[in-house]
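Trainee: Got a predicted structure plus its sequence, pasted below:
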There are 2 protein chains.
Amino acid sequence: MTIDKNQLENELVKFYKQSDVPAHLQESVLYSLTAGGKRVRPVLFLELLEAFGVQLEKAHFQVAAALEMIHTGSLIHDDLPAMDDDNYRRGKLTNHVKFDEATAILAGDALFLDPYYVLASCDLPAEIVVALVRELSFASGSLGMVAGQVLDMEAEGKKLNLAEMERLHQLKTGRLLTFPFVAAGIVTEKSEKSIRQLRAIGELLGLAFQIRDDILDVTADFDDIGKTPGKDVLEEKSTYVSLLGLEGAKNELSKDLTEVKKLLTELSNFSGEEIFKLIDSLELK
Amino acid sequence: MTIDKNQLENELVKFYKQSDVPAHLQESVLYSLTAGGKRVRPVLFLELLEAFGVQLEKAHFQVAAALEMIHTGSLIHDDLPAMDDDNYRRGKLTNHVKFDEATAILAGDALFLDPYYVLASCDLPAEIVVALVRELSFASGSLGMVAGQVLDMEAEGKKLNLAEMERLHQLKTGRLLTFPFVAAGIVTEKSEKSIRQLRAIGELLGLAFQIRDDILDVTADFDDIGKTPGKDVLEEKSTYVSLLGLEGAKNELSKDLTEVKKLLTELSNFSGEEIFKLIDSLELK
């Protein structure tokens, strides 16, 4: 890891350390922002920039922070009683259990609205900022994450086929995992064609993450994943494991990760040692 | 009214009529977007542009739509059981009663995230779009509307003084009512000084709206305001009426509206007949 993790953590909380933000809102947002997230998405973005030879600057950490803010907001809302009704996340109480439901709703709302202020305050050319705003909204709103969450709700107790499940996950988690790839292309002013390639790689990696999640839900225990395992089976959710079997899902994961690495090596001016390490770390034995 | 209201309504629903948005999400968002809102904020913005001599174009209606989307999202979340727990809004069932809580949470989330895609897709110079994104996020997130909502929750059952109450309302409703003024200044590329003046006028008008709301809560009936009146008294909320008395509140409203009109006439190259009509219509007998 060559990324300055402290700088990322700093940018992530900076917005909420302003005295203008009411204390109670500060407390609840910061609780979730610092609840031990692995920072997969922002680190991916920053590593990709480095792989393209970019000298990292404050603005890049701000873009990374904006992305993680939206991700965190979505976790807070996903955990709400009306949604997945989870009491634990990353081994800690979920936001609405630690505080209350109204606070958790507002903390999530804040984490959806504030990142655009952060993006619009970045020291980057205005055209690049506009493209980033557009892509982040595309990834998170009714064309992305929120749409996926709606499909996920509707899928409860239903049997999905593989295509339906892929669509669901591509929206719900895939889009925000694809953002680091597209955003790295935007920031480095790549051609439209290169950005399309980056988007395809991001989508494939997003898929791999979901397959991995589904496998861990049946093979891991609470300490491994910081939340109650076995929930998918209990809720009779369609998962890659239920559709492909455990071995089938593991093979699919391995195949996807190999393909992601292959596609990355085909990018021009890309030297991503750290990215390859990160991808290898996703393999399951 | 010289504004093409149809064009505004069109731009407002256009995003959600895309086939990519899941049907259930479409339905619930469109239910609230077309539930009879008076479009105060977007109309103000468009009228202000006309008053500055701008020939209205599609992009301006898109900015207006983005603003109304955020306002609508905030109403959906405000009405939730964990928040104000309202069953009616504008004489119709609230979103979570018509659909369910999870759907209402996600519809609100969508209406917070999607407007930034709309803004970033506008045919306006990139610098102007960035400034609009920044101002809309400032008005709606932890420095604006969401902060005000948190303060409002905390104020329940407490006695606020006039300064505390003004701060609460300036954030909760004032910021989004100020946005049309600041945004009109941004779009017409006014000087920083002029934008400061516009912001001050917007804040004063925001205050007037709140005072008016507080008066109507004690003087109007369900049909007048489309929701249950008398809620403030029931919940022992501090309001302009409880602090200033009914007559005092009415005088304050009248004084504010007169001042808003005076400040508007002092702006250069401003000819806002329609705006003055709109302001006069806020007077209560």
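Mentor: Ah, there it is. Keep in mind the model is a prediction, meaning the values are calculated, not measured.
Trainee: what packs against the longest helix belonging to chain A?
Mentor: Among the elements of type helix in chain A, defined by DSSP state H, the one spanning the most residues is helix A:192-219. Packing partners of helix A:192-219 (3 or more CB pairs under 8 Å, 6 or more residues apart in numbering or on different chains; DSSP states H and E): helix A:162-169, helix A:175-187, helix A:222-225, helix A:231-234, helix A:240-265. C-betas here are computed from N, CA, C, even on glycine.
Trainee: which of the ones you listed is buried the deepest?
Mentor: helix A:175-187 (a mean of 26; mean count of other CB atoms under 10 Å in any protein chain shown).
Trainee: Quick check: mean pLDDT of the strand or helix carrying A:Val118?
Mentor: Of the helices and strands defined by DSSP states H and E, A:Val118 is found in helix A:101-120. Mean pLDDT, taken over the full extent of helix A:101-120, equals 98.
Trainee: what do you get for stretch A:169-178?
Mentor: On average, the pLDDT along stretch A:169-178 is 96.
Trainee: distance between the ends of it?
Mentor: Stretch A:169-178 has an end-to-end distance of 12 Å (criterion: CA to CA, to the nearest Å).
Trainee: that older thread, helix A:240-265 and the longest helix of chain A, what's the angle between them?
Mentor: Using axes from the mean of the first three to the mean of the last three CA atoms, to 10 degrees, the inter-axis angle of helix A:192-219 relative to helix A:240-265 is 150 degrees.
Trainee: Helix A:192-219 relative to helix A:175-187, how many degrees between them?
Mentor: Computed with the same axes, to 10 degrees, the direction of helix A:192-219 lies at 150 degrees from that of helix A:175-187.
Trainee: centre of the chain versus stretch A:62-71, how much separation?
Mentor: Counting by CA atoms, centre = their mean, to the nearest Å, stretch A:62-71 is centred 9 Å from the centre of its parent chain.
Trainee: what's in contact with that stretch?
Mentor: Contact partners of stretch A:62-71, identified using CB atoms under 8 Å, 6 or more residues apart in numbering or on different chains, comprise A:8, A:11-12, A:14-15, A:33, A:37, A:39, A:41-43, A:45-46, A:111-112, A:114-116, A:118-119, A:121-122, A:124, A:132, A:136, A:139-140, A:145, A:176, A:179-180, A:183, A:187, B:113.
Trainee: Try it again at 6 Å.
Mentor: Contacts of stretch A:62-71 with the rest of the structure, by CB atoms under 6 Å, 6 or more residues apart in numbering or on different chains, involve A:8, A:11-12, A:41-42, A:45-46, A:111, A:115, A:118-119, A:122, A:140, A:176, A:179.
Trainee: Give me every residue in the stretch 1-150 of chain A lying close to chain B.
Mentor: Residues of the stretch 1-150 of chain A lying near chain B by CB under 6 Å from any CB of the partner chain: A:20-22, A:24-25, A:77, A:82-83, A:101-102, A:105-106, A:109-110, A:112-114, A:116-117, A:120, A:126-127, A:129-130, A:133-134, A:137-138, A:140-143, A:146-147, A:149-150.
Trainee: of these, buried ones?
Mentor: In the residues of the stretch 1-150 of chain A next to chain B, burial by neighbour count holds for A:21-22, A:24-25, A:77, A:82-83, A:101-102, A:105-106, A:109-110, A:112-114, A:116-117, A:120, A:126, A:129-130, A:133-134, A:137-138, A:140-143, A:146-147, A:149-150, counting by 16 or more other CB atoms under 10 Å in any protein chain shown.
Trainee: before we move on, the earlier item: which of the contacts of stretch A:62-71 lies closest to chain B?
Mentor: A:Ser140 (4.8 Å; CB to the nearest CB).
Trainee: so who does the closest one touch?
Mentor: A:Ser140 is in contact with A:Ile70, B:Leu113, counting by CB under 6 Å, 6+ apart.
Trainee: ditto for the one 4 residues further on
Mentor: With contact set as CB under 6 Å, 6+ apart, A:Gly144 has these partners: A:Phe138, A:Leu171, A:Arg175.
Trainee: can you list those residues in CSV and add distance to A:His60?
Mentor: Below are these laid out as CSV (distance: CB to CB, whole Å):
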residue, distance to A:His60
A:Phe138, 20
A:Leu171, 26
A:Arg175, 20
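Trainee: can you list contacts of stretch A:10-18?
Mentor: By CB under 6 Å, 6+ apart, the list of residues contacting stretch A:10-18 from outside reads A:Gln26, A:Val29, A:Leu30, A:Leu33, A:Phe61, A:Gln62, A:Ala65, A:Glu68, A:Asp114, A:Val118.
Trainee: Quick one: end-to-end distance for that stretch.
Mentor: Across its full length, stretch A:10-18 reaches 13 Å between end residues, using CA to CA.
Trainee: Flag every buried residue along that stretch.
Mentor: In stretch A:10-18, counting by 16+ other CB under 10 Å, buried: A:Glu11, A:Leu12, A:Phe15, A:Tyr16.
Trainee: And the nearest residue to the second one once chain neighbours are set aside, how far from A:Glu57?
Mentor: Take A:Leu12 and drop its neighbours on the chain: the residue closest to it by CB to CB, 6 or more residues apart in numbering or on different chains is A:Ala65, 4.5 Å away. Remark: distance between A:Ala65 and A:Glu57 (CB to CB, to the nearest Å) = 13 Å.
Trainee: Quick check: which ranges of the stretch 1-150 of chain A have low pLDDT?
Mentor: Residue ranges of the stretch 1-150 of chain A with pLDDT under 70: A:1.
Trainee: Which parts of it are helices?
Mentor: With DSSP state H, counting those that start in this stretch, the ranges of helices along the stretch 1-150 of chain A come out as A:5-14, A:23-33, A:40-51, A:58-78, A:95-98, A:101-120, A:126-140, A:145-155.
Trainee: I'd like to know which of the ones you listed is closest to B:Ile201.
Mentor: Ranking the helices of the stretch 1-150 of chain A by proximity to B:Ile201 (CB to CB) places helix A:101-120 first, at 22.7 Å.
Trainee: The closest one to helix A:23-33, inter-axis angle?
Mentor: Computed by the same axes, to 10 degrees, the angle between helix A:101-120 and helix A:23-33 is 80 degrees.
Trainee: what sits up against helix A:101-120?
Mentor: Contacts made with helix A:101-120 from outside it, assessed by CB under 6 Å, 6+ apart, are listed as A:15, A:28-29, A:62, A:66, A:69-70, A:72-73, A:76-77, A:95-96, A:132-133, B:77, B:82-83, B:112-113, B:116, B:130, B:133-134, B:137-138, B:140-142, B:146, B:149-150, B:153.
Trainee: CA-only coordinates of stretch A:69-80, as CSV, when you get a sec.
Mentor: Listed next in CSV are the C-alpha coordinates belonging to stretch A:69-80 (Å, rounded to 0.1, in the frame of the first residue of the first chain):
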residue,chain,number,x,y,z
MET,A,69,-19.4,9.1,2.1
ILE,A,70,-22.1,7.9,-0.3
HIS,A,71,-21.2,4.2,0.4
THR,A,72,-21.4,4.8,4.2
GLY,A,73,-24.7,6.6,3.8
SER,A,74,-26.1,3.6,1.9
LEU,A,75,-25.0,1.2,4.7
ILE,A,76,-26.8,3.3,7.3
HIS,A,77,-30.0,3.3,5.4
ASP,A,78,-29.7,-0.4,4.4
ASP,A,79,-29.5,-1.4,8.1
LEU,A,80,-32.7,0.5,9.1
